[in-house]
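Novice: predicted structure and sequence below. I'll ask about it afterward.
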Amino acid sequence: MNGFYFNECKGIYSKLDIDSVIPKRHHLPQSLFSKETMPKTYPVFVKPEWGQNSNGISRIDNKEEYLKFVSESDGLKIPYIVQEAALGQREFEIYYLRSPHNQDSYSFLSVTEVINKSGDSLPVNSIYNSSTRYREVTAQLTAGALEQIWHAVKDIGNFRMARVGVRSDELSCLAQHLFKVIEINLFLPMPLILLAENVSRDEKTAVIRKTMTVAAQLVKTIPPAEKGKWIFFKKLRAHYKTAL
């Protein structure tokens, strides 16, 4: 779906490549990890240059923890990046599929709030974190607000399908474009509405049918030059290199 953004030389969807298409107002400073460079502020997140579902991500709260990470970094099998923390109070995942008929509009858009029950203000949320919960909040947004959110994310790269993780102080701030991007998932991103506790099984089934139909239509729009990329096994190989 997003083969155009796959870095053939590195064999990954590079977070640094994707970082370059995030507008400044939504951008969090991040750089390639180096033993010689210390963060200016804490906390920071260290994450693989490639990864999904928060695999390999750690939060570092102070200089001592960072030096410990440096001391263990010889065991890293893939480059890491260091990202400043987004200080918004709430975390959301914005999932979309562009329209197969009009790349400037969407066929599916959902907003899911990510909630952590641990009390940690800056957790590393993921499907593997037992304290992470998901709540669907799309229905709380007006059609106009959803259109504004779409206008905010549609120009963050020309992705056919993506899940954009953001932090903001309030749900209403998303429509005002007041958020910071913490992660963009490009390789077969799952709509987290499917994990939301406030969505019924029938509603989830309808979402699956809708998104699969649109995805199949989008595949037909991929230019021949992008269709021959063998990405899956390269991505899988990189995935297993993300652990310390």
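Specialist: Ah, there it is. Residues are numbered from 1 along each chain as shown.

Novice: can you give me the domain boundaries for the chain?
Specialist: Using automatic domain parsing, the domain parsing of the chain gives 3-85+233-239, 90-223.

Novice: next, the distance between the ends of the longest one.
Specialist: So that's domain 90-223. 38 Å (CA to CA, to the nearest Å).

Novice: now do that domain: distance to the chain's middle.
Specialist: 9 Å (CA atoms, centre = their mean, to the nearest Å).

Novice: follow-up on the earlier one: okay if I get the domains of the chain as CSV plus mean pLDDT?
Specialist: Converted to CSV, the domains of the chain look like this (pLDDT from 0 to 100):
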stretch, mean pLDDT
domain 3-85+233-239, 85
domain 90-223, 95
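
Novice: mind naming the longest strand for the protein?
Specialist: strand 106-116 (DSSP state E).

Novice: residues in contact with residue 132?
Specialist: 114-117, 123, 125-126 (CB atoms under 8 Å, 6 or more residues apart in numbering). Every residue, glycine included, has its C-beta placed from N, CA and C.

Novice: now those residues in TSV, with neighbour count and distance to residue 61?
Specialist: Below are the contacts of residue 132 laid out as TSV (neighbours: other CB atoms under 10 Å; distance: CB to CB, whole Å):
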residue	neighbour count	distance to residue 61
114	21	20
115	15	21
116	16	16
117	11	20
123	18	12
125	24	17
126	13	19
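
Novice: widest-spaced pair of those residues?
Specialist: For the contacts of residue 132, the maximum inter-member distance is 13.7 Å, found between 117 and 126 (CB to CB).

Novice: against residue 67, how distant is the residue nearest to residue 62 when sequence neighbours are not counted?
Specialist: Spatially, and ignoring its direct neighbours in sequence, residue 62 is nearest to residue 42 (5.4 Å; CB to CB, 6 or more residues apart in numbering). Noted for residue 42: a distance of 12 Å to residue 67, by CB to CB, to the nearest Å.

Novice: picking that back up, ok, the residue nearest to residue 62 - contacts?
Specialist: Applying CB under 8 Å, 6+ apart, the residues contacting residue 42 are 60-63, 66.

Novice: burial measure for residue 194, as a count.
Specialist: By other CB atoms under 10 Å, 18 other residues sit near residue 194.

Novice: got the angle for the longest helix that the chain contains vs strand 106-116?
Specialist: For the chain, the helix with the greatest residue count under DSSP state H is helix 201-219. Angle, helix 201-219 to strand 106-116, by axes from the mean of the first three to the mean of the last three CA atoms, to 10 degrees: 130 degrees.

Novice: which residue lies nearest the spatial centre of the chain?
Specialist: residue 184 (2.7 Å; CA atoms, centre = their mean).

Novice: can you classify that residue by secondary structure?
Specialist: strand (DSSP: H, G, I helix; E, B strand; the rest coil).

Novice: distance of it from residue 59?
Specialist: From residue 184 to residue 59 the distance is 19 Å (CB to CB).

Novice: and if you look at residue 28?
Specialist: The gap separating residue 28 from residue 59 is 13 Å, by CB to CB.

Novice: how about residue 148?
Specialist: For residue 148 relative to residue 59 (CB to CB), the value is 31 Å.

Novice: repeat that for residue 129.
Specialist: For residue 129, the distance to residue 59 - CB to CB - is 12 Å.

Novice: need the residues touching each of those two.
Specialist: residue 123.

Novice: returning to what we had before: between the contacts of residue 132, which is closest to residue 164?
Specialist: Using CB to CB, the contacts of residue 132 come closest to residue 164 at residue 114, 12.2 Å.

Novice: quick one: residues contacting residue 96.
Specialist: Residue 96 touches 106, 108-110, 150, 153-154, 161-162, 164, counting by CB under 8 Å, 6+ apart.

Novice: cool, residue 93 as well?
Specialist: Residue 93 touches 111-112, 114, 134, 163-166, 192, counting by CB under 8 Å, 6+ apart.
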